[in-house]
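sequence-free structure coming up:
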Ligand code: URP
Ligand code: ZN
Ligand code: ZN
């Protein structure tokens, strides 16, 4: 045995038990009574949880129409490890006119600096016949999930294009994830807000109210049902949107929902802070109101929302070409890039506001941050749980430790965090990646390149249901 972790309380999505762990060759080989080992970690007083799996991170990625934030797989990975996360899925962007083959080759190289294990979703912005024909090859390289946008000028697909992607995904055994907001409604509102002189960051929320997200969510689900293609809705912001998803789930559709800490802890009022400060809180969909948070926690407890990712989409506020102030501090909200950093703060904020505050039990915390994302994206049981045969990706938590979040503490490469100054209760004091101590007491200990690419093989959860709207299987015809 290479390593024994002794005396901790081991938490999984199934429950909490007192157990020691034995690790050999980066894999968990014993749980319970563990024999002699070359190295020992004393975990008394600590929770031993699976390393977090963050299935929505923008690392080393140029976002269509927004640019590239400063975090890559090294700096973002460092922050992830310090915050208890060991696996992340980032994005490969296809820009209009590009082939998938060229973007995949380029994007895979960006993972070479990784200190976490990683995989990719492919963003499709231009689903030409030639590009759709490339999807099987992409899937063979282990990129088994696609992301499409129903909004953003540079990225949005219309319904016809979305249907083509859904059908191509079904033919190739790929999963589809979607950003749901109504493009035309946002454009219409934005024009009128700007014409009325309403330009400040807070009007970002006014330009994309809940109904805009709810309509697109319902539409995305309906089109996926038509094609019989499983679907995940990214970054659900409010209970009204989750209700649409819950209704579909109760009808037996394969539709899953993700949210992020920003929709549980930040509000539209944060964008009304003085000066340019509000830009730090701008993301899409928009954070809603304080009163919406309770409904979101309830949707998590009910299991309608099964995943909480970070949507780490981190642009500096200032000082770089892609910073949020790139068009000046009085730029209209429309011209400020969207997104908040969160890969390092995701788990501490969620543990504190969820488990420590009594809103979630520990099992649900593990399920939504590690087990469910690993299952939904084909990484389970190697990732996302503590079991014999799983990778020894672990986070050791002091559940009573009080920490005040600061940007410096998070060690990402971005110049701010929207959770600056927030005190959290519960902190990951040590993180292991495949049995190696990857972070301890605020220091990341791995060498650049220690992370591994995770190709994703076929798995049952994302198989279509085999239920067609009217018996004609249109998706089979390319
Ligand atoms: O505001 C956000 N969410 N920015 C990141 C891009 C996306 O939509 O995921
Ligand atoms: Zn999105
Ligand atoms: Zn995102």
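The structure has been received and is ready for your questions. Owing to the predicted nature of the structure, the values given are computational and were not obtained by experimental measurement. Residues are numbered from 1 along each chain as shown. Ligands and ions are numbered 1, 2, ... in the order given.

please make it C-alpha for all contacts and neighbour counts, starting now.
Will do.

just the terminal-to-terminal distance for stretch 337-357.
Distance between the two ends of stretch 337-357: 32 Å, counting by C-alpha to C-alpha, to the nearest Å.

now name the helix or strand holding the residue of the stretch 351-478 of the chain found nearest ligand 1.
Proximity of the stretch 351-478 of the chain to ligand 1 (C-alpha to the nearest ligand atom) peaks at residue 418, 13.2 Å away. Following DSSP states H and E, there is no helix or strand that holds residue 418.

what number of residues lie near it?
When neighbours are counted by other C-alpha atoms under 10 Å, residue 418 registers 23.

could I get the contacting residues of it?
Neighbour list for residue 418: 280-281, 340-341 [criterion: C-alpha atoms under 8 Å, 6 or more residues apart in numbering].

ok, and the most crowded of those?
Result: residue 341 is most packed of those (other C-alpha under 10 Å), 32 neighbours.

please report phi then psi for residue 9.
Residue 9 adopts backbone torsions of phi -100, psi 120, taken as degrees, to the nearest 10.

err, residue 131, not the other one
Dihedral angles for residue 131 - degrees, to the nearest 10 - are phi -70, psi -40.

just to revisit the earlier point, tell me which of the contacts of residue 418 is nearest to residue 143?
residue 341 (24.0 Å; C-alpha to C-alpha).

just checking, that closest one touches residue 411?
No: if you go by C-alpha atoms under 8 Å, residue 341 and residue 411 don't touch, sitting 11.2 Å apart.

who touches both of the two?
Common neighbours of residue 341 and residue 411 (C-alpha under 8 Å, 6+ apart) do not exist.

contacts only, for residue 251.
Contacts of residue 251 by C-alpha under 8 Å, 6+ apart: none found.

for residue 245, see how far away it is.
10 Å.

quick check: bridge partners of the residue in the stretch 101-250 of the chain that ligand 1 sits nearest to?
The stretch 101-250 of the chain approaches ligand 1 most closely through residue 179 (6.1 Å), counting by C-alpha to the nearest ligand atom. Here residue 179 sits in beta bridges with residue 149, as judged by DSSP bridges.

surely it and residue 148 touch.
Yes: applying C-alpha under 8 Å, one finds residue 179 in contact with residue 148, separated by 6.4 Å.

could I get the pLDDT score of the nearest residue to residue 135 once chain neighbours are set aside?
Take residue 135 and drop its neighbours on the chain: the residue closest to it by C-alpha to C-alpha, 6 or more residues apart in numbering is residue 172, 6.8 Å away. Residue 172 is assigned a predicted lDDT (pLDDT) of 97.

for residue 283, same thing?
So residue 283 comes in at 98 (pLDDT).

check contacts around it.
Counted by C-alpha under 8 Å, 6+ apart, residue 283 has contacts 338-340.

if we can go back for a sec, ok, of the contacts of residue 418, which one's closest to ligand 1?
Ranked by distance to ligand 1 (C-alpha to the nearest ligand atom), these are led by residue 340 at 6.8 Å.

what bridges to the closest one?
residue 312.

isn't it right up against residue 315?
Yes: in terms of C-alpha under 8 Å, residue 340 counts as a neighbour of residue 315; the distance is 7.3 Å.

domain parsing of this protein, as residue ranges.
Split into domains by automatic domain parsing, the chain comes to 3-50+385-411+424-444, 52-364.

with distance to residue 378 as extra columns, can I get the ones you listed in TSV?
Shown next, in TSV, are these (distance: least, C-alpha to C-alpha, whole Å):
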stretch	distance to residue 378
domain 3-50+385-411+424-444	13
domain 52-364	9
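
nearest to residue 463, of those?
Going by C-alpha to C-alpha, the one of those nearest residue 463 is domain 52-364, 7.1 Å.

and that closest one, how far out from the chain middle?
7 Å (C-alpha atoms, centre = their mean, to the nearest Å).

let me see the ranges of the helices in the stretch 151-300 of the chain.
Here the stretch 151-300 of the chain has its helices, by DSSP state H, counting those that start in this stretch, at 159-172, 183-195, 203-206, 210-227, 239-250, 262-265, 290-301.

sorry, back to before: measure how buried the residue nearest to residue 135 is and give me the count.
Close neighbours of residue 172, defined as other C-alpha under 10 Å, add up to 19.

same question for residue 29.
Other residues within reach of residue 29, judged by other C-alpha under 10 Å, total 18.

that one contacts residue 35, doesn't it?
No: between residue 29 and residue 35 there is no contact under C-alpha under 8 Å: 10.9 Å.

common neighbours of those two, please.
In contact with both residue 29 and residue 35: residue 22, using C-alpha under 8 Å, 6+ apart.
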